[in-house]
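K.L.:
Below are the sequence and a predicted model for it; my questions follow.
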Amino acid sequence: MNLETITAVMVLTIAAYIDWKEHRVPNWLTFGAWGCALLYHGMVGGWQGLQWSLTGSGVGLATLVIPYLLRGMGAGDVKLMAAVGAWVGALATLQAFVWIAIAGGLMGLYSILRSREVKARFQTVWRAGLNLFQFQELDRGAPSLQQGRILLPYGVPIAFGFYAYFLFGGLI
């Protein structure tokens, strides 16, 4: 493993641990990792290295900015992707994103299935489907505003997705 991969693994491991415990990815970690990546690649590769690192950062940011804007995840997750992207580059970040999507989907499904509200959510969907099929009382079965939000520390799937990429390579 090279220095870039080792550094990315360390940042990802720290971020996943903190996110799991506190449901946040701290700025000191994301901005620190991002700044160090830009500095490192700028010193090692000159302007071309800096551009390579900025492109990786931009790809990392682009992969999660829409879920963030849709309130599907926190800004710390987006900044973590940008910071790790600055270390490993655009192609690795894009390929790791496929693994991240798989890990995040599995973790999200697990979180839903183990939540106490899973039965109520399935009943709501079932009632709404039946009402729609029967063309009556279309607003019955609509999700209650009182249902709780399932919090998913997405720093964990980000870490596992990058780990899978480092171990197995890209899927695309």
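P.N.:
Yep, it's here.
K.L.:
so how far is the lengthiest helix in the chain from its chain's centroid?
P.N.:
Taking DSSP state H as the criterion, the chain has its longest helix at helix 27-69. Here helix 27-69 is found 16 Å from its chain centre; the criterion is CA atoms, centre = their mean, to the nearest Å.
K.L.:
now for it, which elements pack on it?
P.N.:
helix 3-22, helix 75-88, helix 90-114 (3 or more CB pairs under 8 Å, 6 or more residues apart in numbering; DSSP states H and E). Where C-beta positions appear, they are placed from N, C-alpha and C, glycine not excepted.
K.L.:
What lies in contact with the last one?
P.N.:
If you take CB atoms under 8 Å, 6 or more residues apart in numbering as the criterion, helix 90-114 is touched by 52, 55-56, 58-60, 63, 81, 84-85, 88, 118, 121, 150, 152, 154, 156-158, 160-162, 164-165, 168-172.
K.L.:
again, but for stretch 2-11
P.N.:
1, 29, 33, 36-37, 40, 80, 83-84, 87-88, 162-163, 166.
K.L.:
Please produce CSV containing these, extended by distance to Val98, neighbour count and pLDDT.
P.N.:
Shown next, in CSV, are these (distance: CB to CB, whole Å; neighbours: other CB atoms under 10 Å; pLDDT from 0 to 100):
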residue, distance to Val98, neighbour count, pLDDT
Met1, 21, 9, 82
Leu29, 24, 20, 98
Ala33, 22, 24, 98
Cys36, 26, 15, 98
Ala37, 22, 27, 98
Tyr40, 26, 18, 98
Leu80, 17, 29, 98
Ala83, 19, 28, 98
Val84, 15, 30, 98
Trp87, 18, 30, 98
Val88, 14, 24, 98
Phe162, 11, 31, 97
Tyr163, 13, 18, 97
Phe166, 13, 18, 96
